[in-house]
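[1] just the structure for this:
(chains A and B)
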Amino acid sequence: DAGVIQSPRHEVTEMGQEVTLRCKPISGHNSLFWYRQTMMRGLELLIYFNNNVPIDDSGMPEDRFSAKMPNASFSTLKIQPSEPRDSAVYFCASSYGSPLHFGNGTRLTVT
Amino acid sequence: SQQGEEDPQALSIQEGENATMNCSYKTSINNLQWYRQNSGRGLVHLILIRSNEREKHSGRLRVTLDTSKKSSSLLITASRAADTASYFCATDPLSGSARQLTFGSGTQLTVLP
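    I've put the predicted structure just below:
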């Protein structure tokens, strides 16, 4: 199995631009999670889906953030408009029960 | 706030020594999990211990869980340079939405050759 695949690995953008992060979960997993990792705040859960349905998005920081899961094999996290404080590493993880399987993340830099 | 909090924040040891990391948490749990993160990579699951278990082993890893003290420890025996990484505990809560793991801030382990 290829594991959880995230793209891009690195994204550098200017403030105000739209950013879309992509994730392909492991086939057969029914839960998908988006996390954000920063030095200051550690690993934060942004949103998670179960069977493609958003279950809890209380961790999404602002309305500028949105996430979709149109099918079992693809999810996106969009930031529009992006701000410098959104700079972080964004991880996607999937699971069927426990444990979580993480992708290698997207390092986002907003200048 | 973070459910699990690891200590120490950083640990530096010589190859061959044992490394012990601790995790404290606040609410009742279904299970507690330990993950490792190498620099620039995602987290990798190491071991899961259920709330009714007190100790679990996996290779050079030994995990203990004390639910009365709401604490866990991860012991890595005979450490190797390749064990250099950040280690996180994560708690799976007893109540609330399922699968909402909460991660601690991690322990950065450096194993010197």
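[2] got the CA positions of stretch B:36-46 in PDB?
    The C-alpha atoms that make up stretch B:36-46 are tabulated as PDB, following Å, rounded to 0.1, in the frame of the first residue of the first chain:
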ATOM      1  CA  ARG B  36       7.000   8.800  16.400                       C
ATOM      2  CA  GLN B  37       7.800  11.600  14.000                       C
ATOM      3  CA  ASN B  38      11.000  11.800  12.100                       C
ATOM      4  CA  SER B  39      12.100  15.200  10.800                       C
ATOM      5  CA  GLY B  40      10.100  16.300   7.800                       C
ATOM      6  CA  ARG B  41       7.800  13.300   7.900                       C
ATOM      7  CA  GLY B  42       4.400  12.300   9.200                       C
ATOM      8  CA  LEU B  43       3.700  10.600  12.400                       C
ATOM      9  CA  VAL B  44       4.000   6.900  12.600                       C
ATOM     10  CA  HIS B  45       2.100   4.700  15.000                       C
ATOM     11  CA  LEU B  46       4.200   2.800  17.500                       C
END
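[3] how far does it sit from its chain's centre?
    Taking the mean C-alpha point of stretch B:36-46 and that of its whole chain, the gap between them comes to 12 Å (CA atoms, centre = their mean, to the nearest Å).
[4] contacts for that stretch next, please.
    Where contact means CB atoms under 8 Å, 6 or more residues apart in numbering or on different chains, the residues beyond stretch B:36-46 that reach it are A:4, A:43, A:91, A:93, A:99-105, B:33-35, B:58, B:61, B:74, B:84-88, B:106. Yep, even glycine has a C-beta here, placed from its N, CA and C like the rest.
[5] next, count neighbours for the residue of chain B found nearest chain A.
    Distances from chain B to chain A, computed as CB to the nearest CB, single out B:Gly42 as the nearest residue at 3.3 Å. Other residues within reach of B:Gly42, judged by other CB atoms under 10 Å in any protein chain shown, total 22.
[6] equivalent analysis for the one 10 residues further on, please.
    Counted with other CB under 10 Å, the neighbours of B:Asn52 add up to 9.
[7] per-residue pLDDT, it?
    On the pLDDT scale, B:Asn52 is placed at 95.
[8] show me what contacts it?
    If you count contacts by CB under 8 Å, 6+ apart, B:Asn52 has none.
[9] and the residue lying closest to B:Ala81 once chain neighbours are set aside, what pLDDT?
    Nearest residue to B:Ala81, sequence neighbours excluded (CB to CB, 6 or more residues apart in numbering or on different chains): B:Pro113, at 4.7 Å. pLDDT recorded at B:Pro113 is 90.
[10] same deal with A:Ala2?
    Looking at A:Ala2, its pLDDT is 82.
[11] neighbours around it, how many?
    Using other CB under 10 Å, the number of residues around A:Ala2 comes to 7.
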